[in-house]
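Next one to model:
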Amino acid sequence: EQTCVFVPRSVDSLHMPFLTFPEPPGPYAVGQCDCFFKETWLDDSEGVEPEPVGGQPSPVPEKDEEAAEGADDVQKEPSAPKPAPREGKKMVVRIFYPVQKEGSDKYRQAKWLPDKYGASSGSYADAYAKFMWKPGTIQSWIGSLAFIPLMGNVSTKTLEGAPVTPTPEKLRPLIYSHGLGGNRSCYSAVCVNLASHGYFVIAPEHTDGSANISILPDQTVHPHTYVPPKAHIPGRAHRIPGGFTSSLNPQREPKPITQYQLRRKQLEHRVSEVRFVADCLEHINSGDERIPLPEELGVMKGRVDMDKLSAVGHSFGASTSITACKHDERFKACVAHDAWLFPMSGEMMNSTLRVPTLFLTADTFDMLWPEEGRKVLDRFVVRTHEEQVDVSVIGINGTKHQNYSDFPILAPDLMVGMGVAGSADPMKAMETITRCDTSFLEHKLGDAGGASGIWRVPEDIEEFVKPHEVDAWWRSRSQIRVGEFTNETRGDGKGKKMLNPVTS
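Purely as a prediction, here's the structure:
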């Protein structure tokens with residue numbers, strides 16, 4: 001059986017567009033805006049008067065004059081000290097939303113890198129260079145000099161200040177979780193594609209240290225948490241068994257921690273942030289004005305269809321989305337782009353997925369945890385199908401891990417030449433990825449109500465994908481047997497590894 005892989009003759013022969021995004025393919029143009037979400041705006045339990053909703057001040061109780069007489073003569077019980085206000089979650093997000101194409105040409109294109117809330121686009125470009133080459137290296141210094149002027153001028157195919165489309169009346173909400181070293185901007189190609197098909201997409205910028213950097217309006221900076229060089233085996237794609245040999249950040253982590261302990265802690269933080277964004281969506285849909293939205297979004301009361309909430313993510317963001325969908329019943333579907341399953345708990349890995357889930361994988365699936373990651377994915381397929389929940393695993397031919405991000409789109413010749421992107425034409429690879437996304441989500445969330453059926457790859461892209469072995473076996477009604485997963489497979493040096501899937 002032949003599969004189609006888009007192999008260029010050489011990098012020099014590509015001559016693809018540089019620093020250019022594809023046009024939104026759906027029926028809508030796409031608007032873009034950045035917002036700030038703060039949990040304490042929604043929390044009325046601190047004893048502090050909440051900000052008025054809808055501009056109406058809270059009623060003030062009338063003063064009881066008779067009860068007030070002689071009150072100073074009565075000895076009062078000392079009151080308990082008032083608890084300090086809870087800090088709560090606070091984060092910046094980027095919103096991609098559908099816009100009517102007619103008249104949209106009068107709005108200017110929005111910038112790709114964040115440049116709001118006091119943060120310059122140069123800060124994010126510099127953070128990208130440091131993430132790719134590690135801070136303090138010559139490569140990082142040279143990369144910063146090149147990235148800052150180049151990236152700072154990149155515009156997306158989105159519109160700044162354009163009003164959200166008035167139709168349809170309800171928009172499907174979707175939360176996109178970025179991967180390790182990413183931020184709210186670097187998956188714009190995927191998010192724009194989804195928004196052009198009518199989705200109200202929110203891309204949060206995680207504050208757990210997994211983003212390349214996150215800068216908040218109060219100038220709080222969440223830098224990237226770098227892995228010590230000793231945590232890597234030179235020339236190999238997985239981590240040293242036993243984790244780190246030194247502390248990541250003595251101020252934050254006074255004791256050495258393992259790779260799994262760090263990533264597990266970050267995963268829990270990320271999942272809580274995704275669920276917080278879902279909270280904000282509920283408040284936006286209810287008309288709660290404590291969440292400030294830009295004028296172009298207009299009145300969003302009743303316009304967010306929370307019955308069709310989905311989560312999508314790449315790498316670390318994929319495991320974040322999968323876990324959030326497992327534990328939060330508000331989510332109805334999930335798409336995982338080349339998921340990094342390493343940070344998940346053993347309990348999660350031994351469970352079934354709650355919602356219909358599509359896994360899209362690259363040729364170098366789970367390169368940070370290749371053997372065990374694939375076994376966990378196999379187990380998800382078998383156990384979830386047994387519960388009559390649709391799960392599909394599809395490989396995108398000629399892709400690597402970064403093909404799901406914007407970088408191979410923006411600098412295709414460079415990314416293919418560096419080996420960061422696969423042999424496929426990056427534009428065609430992204431087209432195939434987003435075609436799978438929209439087809440799967442439409443099948444599960446569309447008005448036709450196909451959530452109970454099995455999703456199939458659209459015929460027009462069948463030649464560009466390959467089915468996952470265990471998924472194909474299941475669909476052909478073969479019986480699969482998988483072993484239990486244990487945390488020891490992460491290299492803690494204890495216990496047995498998970499059994500290989502076998503047919504019987």
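
where does the stretch 201-350 of the chain dip in pLDDT?
Applying pLDDT under 70 to the stretch 201-350 of the chain flags the ranges 228-256.

ranges for the strands of it?
213-215, 221-223, 309-314, 331-337 (DSSP state E, counting those that start in this stretch).

Which other helices and strands does the last one contact?
Using 3 or more Cβ pairs under 8 Å, 6 or more residues apart in numbering; DSSP states H and E as the contact criterion, the neighbours of strand 331-337 among helices and strands are strand 309-314, helix 316-327, strand 357-361, helix 426-445. All C-beta spots, glycine's among them, are computed from the backbone N, C-alpha and C.

Just say which of the strands of the stretch 201-350 of the chain is most tucked in.
strand 309-314 (a mean of 29; mean count of other Cβ atoms under 10 Å).

all helices of the stretch 101-250 of the chain, in order?
121-133, 138-151, 188-196 (DSSP state H, counting those that start in this stretch).

Now do the contacts for residue 204.
Residue 204 makes contacts with 37, 91, 92, 93, 175, 177, 178, 184, 273, 274, 277, as judged by Cβ atoms under 8 Å, 6 or more residues apart in numbering.

Regarding the closest residue to it other than its chain neighbours, what is its secondary structure?
Spatial nearest neighbour of residue 204, excluding adjacent residues (Cβ to Cβ, 6 or more residues apart in numbering): residue 93 at 4.7 Å. Recorded secondary structure, residue 93: strand (DSSP: H, G, I helix; E, B strand; the rest coil).

how many other residues sit next to residue 93?
Burial of residue 93, expressed as a neighbour count using other Cβ atoms under 10 Å, amounts to 20.

Buried residues of the lengthiest helix in the chain, list them for me.
The longest helix of the chain (DSSP state H) is helix 259-286. For helix 259-286, a neighbour-count test (16 or more other Cβ atoms under 10 Å) marks 259-264, 266-267, 269-271, 273-285 as buried.

And for stretch 346-356?
In stretch 346-356, counting by 16+ other Cβ under 10 Å, buried: 348, 349, 350, 351, 353, 354, 355, 356.

Tell me the secondary structure at residue 351.
Three-state call for residue 351 (three-state DSSP): coil.

residues contacting the nearest residue to it once chain neighbours are set aside?
Leaving aside its sequence neighbours, residue 351 sits nearest to residue 326 (Cβ to Cβ, 6+ apart; 6.8 Å). Contacts for residue 326 (Cβ under 8 Å, 6+ apart) come out as 348, 351, 353, 354.

Switch those over to CSV; also include distance to residue 19.
Formatted as CSV, the contacts of residue 326 follow (distance: Cβ to Cβ, whole Å):
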residue, distance to residue 19
348, 39
351, 43
353, 38
354, 40
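
Now the two most distant members of those residues.
348 and 354 (11.0 Å; Cβ to Cβ).

re the thing from before, to residue 25, which of the helices and strands packed on strand 331-337 lies closest?
That would be helix 426-445 among those, by Cβ to Cβ, at 7.5 Å.

Alpha carbons of the closest one, as CSV, please.
What follows is helix 426-445, C-alpha atoms only, in CSV (Å, rounded to 0.1, in the frame of the first residue of the first chain):
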residue,chain,number,x,y,z
PRO,A,426,4.6,22.7,5.5
MET,A,427,1.6,24.5,4.0
LYS,A,428,0.1,21.2,2.8
ALA,A,429,0.9,19.5,6.1
MET,A,430,-1.0,22.3,8.0
GLU,A,431,-3.9,22.1,5.6
THR,A,432,-4.1,18.3,6.3
ILE,A,433,-3.9,18.8,10.1
THR,A,434,-6.6,21.5,10.1
ARG,A,435,-8.8,19.6,7.7
CYS,A,436,-8.8,16.7,10.2
ASP,A,437,-9.5,19.1,13.1
THR,A,438,-12.6,20.7,11.5
SER,A,439,-13.9,17.5,10.1
PHE,A,440,-13.7,15.7,13.5
LEU,A,441,-15.1,18.5,15.5
GLU,A,442,-18.0,19.0,13.0
HIS,A,443,-18.8,15.3,13.2
LYS,A,444,-18.9,15.4,17.0
LEU,A,445,-20.3,18.8,17.7
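
ok so, going back, quick check: of the contacts of residue 204, which lies closest to residue 318?
Closest approach between those and residue 318, by Cβ to Cβ: residue 177, at 7.5 Å.

Could you check the pLDDT of that closest one?
At residue 177, the predicted lDDT confidence score is 98.

Residue 413 versus that one, what's the distance?
Relative to residue 413, residue 177 is positioned 29 Å away (Cβ to Cβ, to the nearest Å).

Compare the two and say which one has the larger neighbour count.
Applying other Cβ under 10 Å to residue 177 and residue 413 shows that residue 177 carries more neighbours, namely 31 against 20.

quick one: that one and residue 320 touch, right?
Yes - between residue 177 and residue 320 there is a contact under Cβ atoms under 8 Å: 4.4 Å.

shared neighbours, these two?
206, 270, 274, 313.

Now do the contacts for the third one.
Residue 274 sits next to 175, 177, 204, 311, 320, 321, 324 when contact means Cβ under 8 Å, 6+ apart.

can we see that at 6 Å?
175, 177, 324 (Cβ atoms under 6 Å, 6 or more residues apart in numbering).

The stretch 351-500 of the chain: helices as residue ranges?
Under DSSP H, counting those that start in this stretch, the stretch 351-500 of the chain gives helices at 370-386, 407-410, 412-418, 426-445, 469-475.
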